[in-house]
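Asks: sequence? don't have it. structure:
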């Protein structure tokens, strides 16, 4: 990560609470972040630490209770439909469960066409077809095989790759990937991760991984944010965090991941 | 060597689809399981590991069908039993199962303690209500669950607790064989560790005698299992001691699988993960020769000619015609 690249997304004292009075619960409290162009960030924490809430706030699907998200150094506004469309052209997400990410009544080509139409370009039918073919080629899927199929006819790995094909078409500046590989097996995981890295190279995209797996975070990211009970407890360079974790929670997370060479303390 | 508890030989099972096609999901699997041992089964999605787990229980319902082979648990050939005998005498008593998505395995309209009572009422008809409750409470305590969980509804519990409730329910009759089918894939790393610890302690304390552990997470398997079988397209392609298979895989598929491991250890950063090109074969088709031939980098004509038998190589068994050594001593990550 080079220091001079521009800041694309910035969070200032983001808070989110659920419930009121006795049931009030702070899912995210006072979170600051700075995402620079081309950076890969991982937000790591166990279930219930507020990482998905944070992701939803960054994507603009949830309103922060207080605090501000700065997009290209201006406060983000999602008030009008035009504002939202503009924002979601630049910020996109991939979710945990590929089986429920697609409209199951639409055929694959319809799903991809929807994406292309979001770009609001004037394209001929043939150009659109070529675009879909190219996108599928990028993720090692055969478009002609997928044509006229429904999402449920694909395997989990294929669906997650189709999700990435959509990102390839939209070319957003920021991609929020919420546990993108937790539902697929280790073999396809490697393929999917490689595709993310390829995308980053092509578009200088920011990728934010939300995960509980420090191994994955370490493999892909430049910067790691560790989150516990809605707060960022440790942040920094991926290698530094892994080699010399400071916060006790980071140490515990690291100890909980089964490793190949080191012993896993089951005592 | 401990006493052999489970012997499966040449088990073949298939799914019959609505279009009357047969999908040969388990195609000639044999193995034995000894007392006190954990046997791991690893492989990618769709290789038949979950089907193998279901088949070993001997309780078949459509679309899963039994073709041939035998399953012997503690001297009883369970395929020769009637369906009713199987249900009352074998399932739960001799062999128990922890399903993949334990989170969804619990009926949301019943209190958690009820699941255990249901099983006890069916299998131990003599017990009084209090005895049943005491048994359930004892088992909950062993699994670190608070007693109040007994009267809670599943939606009041966290994912890790639900998983432990499922473990408690399936092991309440102290089965000889416990089949755990990806028991931790829906849990985060911290709850995963707790669940694994408890599973191992159940084995150590003798509540279950042996375990079949199915997963695709090889780093996890390394710390859980004693032996491992690598499964591909319905067949076992390699089996051996877990440490040997992970650090020095012999079958080309096993070698490729080890190349895709991600762990937070300093030497994985910057290395490319290897992924296997292509997709597993369609199990509907009758296959000749090696199933991995289409994706293997070493394939020659002989590979496709006839069924490859399993053969011993050192202490291991592999299903490959050739002796390929893992290219480097320095484990999975060096190879890329």
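Replies: Done, it's in. Bear in mind the structure is a predicted one, so any value in this text is a computation, not a measurement.
Asks: going forward, measure contacts between C-alpha atoms and count neighbours the same way
Replies: OK.
Asks: chain A contacts on chain B?
Replies: Where proximity means C-alpha under 8 Å from any C-alpha of the partner chain, the interface of chain B facing chain A comprises B:44-45, B:185, B:188-190, B:193, B:197, B:216-217, B:219-220, B:222-223, B:257, B:260-266, B:268-270, B:273-276.
Asks: in ChimeraX, select just the buried ones from those residues.
Replies: Selecting only the buried entries of these in ChimeraX, with 16 or more other C-alpha atoms under 10 Å in any protein chain shown as the criterion:
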select /B:44,45,185,188,189,190,193,197,216,217,219,220,222,223,257,260,261,262,263,264,265,268,269,273,274,275,276
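Asks: so which of the residues of chain B next to chain A belong to strands?
Replies: Among the residues of chain B next to chain A, no member falls in strands (criterion: DSSP state E).
Asks: show me the residues of chain B next to chain A that map onto helices.
Replies: Those of the residues of chain B next to chain A mapping onto helices are B:189, B:190, B:193, B:197, B:219, B:220, B:222, B:223, B:257, per DSSP state H.
Asks: leaving out chain neighbours, which residue sits closest to residue B:231?
Replies: Here the nearest residue to residue B:231 in space, its sequence neighbours aside, is residue B:43; by C-alpha to C-alpha, 6 or more residues apart in numbering or on different chains that works out to 5.1 Å.
Asks: could you tell me the end-to-end distance of stretch B:73-92?
Replies: Distance across stretch B:73-92, first residue to last, is 13 Å (C-alpha to C-alpha, to the nearest Å).
Asks: what comes up buried for that stretch?
Replies: Going by 16+ other C-alpha under 10 Å, stretch B:73-92 has these buried residues: B:73, B:78, B:79, B:86, B:87, B:90, B:91, B:92.
Asks: likewise for stretch A:142-156?
Replies: Residues of stretch A:142-156 classed as buried under the neighbour-count rule (16+ other C-alpha under 10 Å) are A:143, A:146, A:150, A:151, A:152, A:156.
Asks: so the fourth one sits against residue A:110, correct?
Replies: No: the pair residue A:151 and residue A:110 fails to qualify as a contact (C-alpha atoms under 8 Å) at a distance of 10.8 Å.
Asks: and the nearest residue to residue A:71 once chain neighbours are set aside, how close does it get to residue A:91?
Replies: With C-alpha to C-alpha, 6+ apart as the measure, residue A:9 is the residue that lies nearest to residue A:71, at 4.8 Å, once sequence neighbours are left out. Shown here: residue A:9 relative to residue A:91, a distance of 10 Å by C-alpha to C-alpha.
Asks: with residue A:67 instead?
Replies: Between residue A:67 and residue A:91 the distance, using C-alpha to C-alpha, works out to 19 Å.
Asks: of those two, who's got more company?
Replies: When residue A:67 is set against residue A:91 and neighbours are counted by other C-alpha atoms under 10 Å in any protein chain shown, the residue ahead is residue A:91, at 23 against 17.
Asks: run through who's touching stretch A:76-84.
Replies: With C-alpha atoms under 8 Å, 6 or more residues apart in numbering or on different chains as the contact definition, stretch A:76-84 has outside contacts at A:60, A:68, A:69, A:70, A:87.
Asks: swap in stretch B:176-191?
Replies: Where contact means C-alpha under 8 Å, 6+ apart, the residues beyond stretch B:176-191 that reach it are A:46-47, A:182-183, A:212-213, A:253, A:256-257, B:5-6, B:50, B:53, B:93-103, B:159-160, B:163, B:171, B:192, B:195-196, B:208-216.
Asks: these in helices, which ones?
Replies: A:253, A:256, B:50, B:53, B:159, B:160, B:163, B:171, B:192, B:195, B:196.
Asks: just among those, which is most surrounded?
Replies: residue B:163 (28 neighbours).
Asks: contact partners for that residue?
Replies: With contact set as C-alpha under 8 Å, 6+ apart, residue B:163 has these partners: B:102, B:103, B:183, B:195.
Asks: hmm, try it at 7 Å
Replies: Contact partners of residue B:163, counting by C-alpha atoms under 7 Å, 6 or more residues apart in numbering or on different chains, are B:102, B:103.
Asks: from chain A, how far off is it?
Replies: As for residue B:163, its distance to chain A is 14 Å (criterion: C-alpha to the nearest C-alpha, to the nearest Å).
Asks: can you pull the pLDDT of that residue?
Replies: Note for residue B:163: predicted pLDDT of 89.
Asks: among the contacts of stretch A:76-84, who's most crowded?
Replies: Most neighbours among the contacts of stretch A:76-84, by other C-alpha under 10 Å: residue A:69, with 24 neighbours.
Asks: is the nearest residue to that residue once chain neighbours are set aside in a bridge, and if so with what?
Replies: With sequence-adjacent residues excluded and distances taken as C-alpha to C-alpha, 6+ apart, residue A:69 is closest to residue A:11, at 4.5 Å. Beta-bridge pairing of residue A:11 under DSSP bridges involves residue A:33, residue A:69.
Asks: so who does residue A:11 touch?
Replies: A:32, A:33, A:34, A:68, A:69, A:70.
Asks: below-threshold pLDDT in chain A: ranges please.
Replies: Screening chain A residue by residue with the criterion pLDDT under 70, one finds the ranges A:1-4, A:267.
Asks: out of everything not next to it in sequence, what's closest to the residue in it that chain B sits nearest to?
Replies: Among the residues of chain A, residue A:215 lies closest to chain B, at 3.9 Å counting by C-alpha to the nearest C-alpha. Among residues not flanking residue A:215 along the chain, residue B:264 sits closest, at 3.9 Å (C-alpha to C-alpha, 6+ apart).
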